[in-house]
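Enquirer: A structural model of the following input is requested.
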Amino acid sequence: MNSRRSDSLQRIQAEIAGEKAATLGRAGERLEAAMLEVTAWAQRIREAADADDRTVLAPGYEQARRRALEARLTLLIQREALGLRRHAVVDQQLPEPPPFRRLLAH
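Expert: All right, here's what the predicted structure looks like:
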């Protein structure tokens, strides 16, 4: 009987670990997609003909940036929940996008 309980507990623990990993993976995918959107907006802004065109594009960039920041925070929270306390990899691979006012300074 103890063996059966032990096997059941191990299966449940494995399932929970799998769900945690899947959730972390989805959070990472959402962040990557959001960062691609930010990058596309940044490219449009850099290619804009003049300051007036860049100003028109600014709200779209800022909205995409907010979504990326939210997705990034979600990923960091998921990592923390799994005991991953150091986020240097996230900081290096998916840094926070700059606000519009600093975008062209980069």
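Enquirer: Report the buried residues of stretch 31-38.
Expert: Leu31, Ala34, Met35, Glu37, Val38 (16 or more other CB atoms under 10 Å). All C-beta spots, glycine's among them, are computed from the backbone N, C-alpha and C.
Enquirer: ok, so of those, who is nearest Ala105?
Expert: Using CB to CB, Val38 is the member of the buried residues of stretch 31-38 that lies nearest Ala105, at 15.9 Å.
Enquirer: Now for the closest one: which residues touch it?
Expert: Val38 makes contact with Tyr61, Ala64, Arg65, Ala68, Pro97, according to CB atoms under 8 Å, 6 or more residues apart in numbering.
Enquirer: Tabulate those in a markdown table, adding columns for distance to Gly83 and pLDDT.
Expert: Shown next, in a markdown table, are those (distance: CB to CB, whole Å; pLDDT from 0 to 100):
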| residue | distance to Gly83 | pLDDT |
| --- | --- | --- |
| Tyr61 | 35 | 98 |
| Ala64 | 31 | 98 |
| Arg65 | 29 | 98 |
| Ala68 | 25 | 98 |
| Pro97 | 27 | 96 |
